[in-house]
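**Q** fold the following for me, if possible:
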Amino acid sequence: MPRALISVYEKEGVDHLARGLHELGFELISSGGTAAFLAEQGLPVTQVEDVTGAPELLGGRVKTLHPAIHAGILAQRDRADHEQQLADQSIEPFDIVCVNLYPFASFASRLGPTEEETIEMIDVGGPSMLRAAAKNFAHVAAVSDPRQYEVVLRELREHGAVSLETRRALAAEAFATSAAYEAAIATWFARNERFPEQLTLSFRKVSDLPYGENPHQAAALYWEVGARKHLLSRVEQLGGKELSYNNLADLEAARRVARELTEPAVVIVKHGNPCGVAVATTIEEAWERALAADPVSAYGCVAILNRTVTGTLGERIAEHFVEVLFAPGYAPDALEALSRKQAMRILQDGERRKDTPGERDVRRVLGGLLVQDRDVDTQEREAMTVACGDVSDQAWDDLIFAWRVCKHVSSNAIVLARGLQTIGIGAGQMSRVDAVRIAVEKAHELGHDTRGAVLASDAFFPFTDGVQAALDAGITAVVQPGGSRRDAEVQAAVEAAGAAMVMTGRRHFRH
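**A** Sure thing, here's the model as predicted:
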């Protein structure tokens, strides 16, 4: 009689698998809660302790760690010495091992559990059985995920056995499951280390994507195992096409800017950079001002609104080509208007938690990773120093607004703003003076008056040319980190123009 060892934490679907195996003539061996669950379903179950001849010990910590279990999993059926040893010890082999593990990652990510409670969620026997079965895939099917149940049953019904090809694939998934599990545990133990000696990251595929940055590049979306939240946590897609790689990348960029703003605000992003950001007294006004900041670049954009989209606003947004629209809610008539744009991906944000503390930025490089703390610093007025000139309350508001947006623009980054609206952005330039010129030219091309506007620079001005170009355009206040050998020359140029300058002492490069 073929034998199946079943030991699962998540019971959903396991009764279907067990019933199918029983009907195919398998003996079912199980322990603890799984055995009780299957018995409740009216299925005949042999208890693990009847196989091992030993009771569960240490409150259930020791159940399956026994030669009668592991020898039955690891025995190679094509070796006479293995068969003889099993016979000598009256051990029968297993053909299927079905295990899913204690949910350590989700438990550890919760707020509240003590260290002792979390440690009790570390599965020992489960990974041991799963790895043993995966190692012996030539003879054993290692089932580690409920999504595999029907695959196994179908092959058994159609062919009388699980094929070697499928067993090999199941083994690969079992080892990946075990590796991810151990990685989550290692990460939890190293949670108080900023950069541990061994960085163990684990990600689970959510879906394949239509393509990558370009149509010839394949792509997929993964979530980090154990993360408290992710880019689409509690986000519902209400309409539109499938999200693409570029949509998701731009959505991440837009969400980072939007987290900086609490008043009614709209963030419009194109190719990873904000092209229009505005804060206003109403979300309708914020949309109009963010779009007016750079309507040309906003074509085919990702737009985030931090207030509910009203019916009137929905009609206005539907007049434009927006790739992705992201908001906390939509009025019914707004959703009706937006849904007429069949290509627009309409996302509703139900997430109310703040950023995950301690999250790091990771960038792939040849043969390795660059890892750094995430730049979540938000400087307030009190942390900045007025180097010269008088700064009005309105100018302060604009400077802080521009500084927060600038943090999320590719370096070299220059942001011009007036009245809590971006009016010109220079991004990703090799020289700072070019970034200033592009921001000013962009503003003028779009009909924005730069006289009386403010400028934010993500890093210091190495020469006076960049700040002079801004002053010549009528900029009256500048915020920058400072730290250049020519800070005194830059300050002198600002003073000579009768403008003001604020130093932050902190830069915000984003390469």
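
**Q** domain-wise, how is the chain divided?
**A** 3-189, 233-349, 381-503 (automatic domain parsing).

**Q** the ones you listed: which one's closest to Pro210?
**A** domain 233-349 (5.4 Å; Cβ to Cβ). Quick note: C-beta positions are derived from backbone N, CA and C, even for glycine.

**Q** what average pLDDT does the closest one get?
**A** The average pLDDT within domain 233-349 is 94.

**Q** turn the domains of the chain into JSON lines, including distance to Asp373 and mean neighbour count.
**A** Shown next, in JSON lines, are the domains of the chain (distance: least, Cβ to Cβ, whole Å; neighbours: other Cβ atoms under 10 Å):
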{"stretch": "domain 3-189", "distance to Asp373": "16", "mean neighbour count": "17"}
{"stretch": "domain 233-349", "distance to Asp373": "14", "mean neighbour count": "20"}
{"stretch": "domain 381-503", "distance to Asp373": "14", "mean neighbour count": "20"}
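
**Q** distance to Leu199 added to the ones you listed, as JSON lines?
**A** Shown next, in JSON lines, are those (distance: least, Cβ to Cβ, whole Å):
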{"stretch": "domain 3-189", "distance to Leu199": "9"}
{"stretch": "domain 233-349", "distance to Leu199": "21"}
{"stretch": "domain 381-503", "distance to Leu199": "25"}
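
**Q** mind telling me which of those the model trusts least?
**A** Note on the domains of the chain: lowest mean pLDDT is at domain 3-189, with a mean of 88.

**Q** quick one: the strands in the stretch 151-300 of the chain, in order.
**A** In the stretch 151-300 of the chain, the segments counted as strands under DSSP state E, counting those that start in this stretch are 203-209, 219-224, 235-239, 265-270, 273-279.

**Q** tell me how far Val235 lies from Glu193.
**A** Val235 sits at a distance of 31 Å from Glu193 (criterion: Cβ to Cβ, to the nearest Å).

**Q** typed the wrong thing, it's Leu232
**A** Using Cβ to Cβ, which is the criterion applied here, Leu232 is 29 Å from Glu193.

**Q** and the two? Which one has more around it.
**A** Leu232 (18 against 11; other Cβ atoms under 10 Å).

**Q** still on that earlier bit, need the strands of the stretch 151-300 of the chain in CSV with distance to Asp375, can you?
**A** Shown next, in CSV, are the strands of the stretch 151-300 of the chain (distance: least, Cβ to Cβ, whole Å):
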stretch, distance to Asp375
strand 203-209, 22
strand 219-224, 19
strand 235-239, 23
strand 265-270, 17
strand 273-279, 15
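
**Q** Ile69 is nearest to which of those?
**A** Judged by Cβ to Cβ, the one of the strands of the stretch 151-300 of the chain that comes nearest to Ile69 is strand 203-209, at 28.1 Å.

**Q** send me stretch 145-165 as CSV with only the CA atoms.
**A** Extracted as CSV, the C-alpha positions of stretch 145-165 are listed here (Å, rounded to 0.1, in the frame of the first residue of the first chain):
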residue,chain,number,x,y,z
ASP,A,145,1.8,24.2,-1.2
PRO,A,146,-2.0,23.7,-1.4
ARG,A,147,-1.9,24.8,-5.0
GLN,A,148,0.0,21.6,-5.7
TYR,A,149,-2.7,19.3,-4.4
GLU,A,150,-4.8,19.0,-7.5
VAL,A,151,-1.6,18.6,-9.7
VAL,A,152,-0.6,15.5,-7.6
LEU,A,153,-4.0,14.0,-7.6
ARG,A,154,-4.5,14.5,-11.3
GLU,A,155,-1.2,12.7,-12.2
LEU,A,156,-2.0,9.9,-9.8
ARG,A,157,-5.4,9.4,-11.3
GLU,A,158,-4.2,9.6,-14.9
HIS,A,159,-0.9,7.8,-14.7
GLY,A,160,-0.9,5.9,-11.3
ALA,A,161,2.2,7.8,-10.2
VAL,A,162,3.6,11.3,-9.9
SER,A,163,6.0,11.8,-12.7
LEU,A,164,9.7,12.3,-12.1
GLU,A,165,9.5,15.7,-13.8
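
**Q** next one: it to chain centre, how far?
**A** Relative to the centre of its chain, stretch 145-165 is centred 33 Å away, using Cα atoms, centre = their mean, to the nearest Å.

**Q** I'm done for today, thanks for sticking with me.
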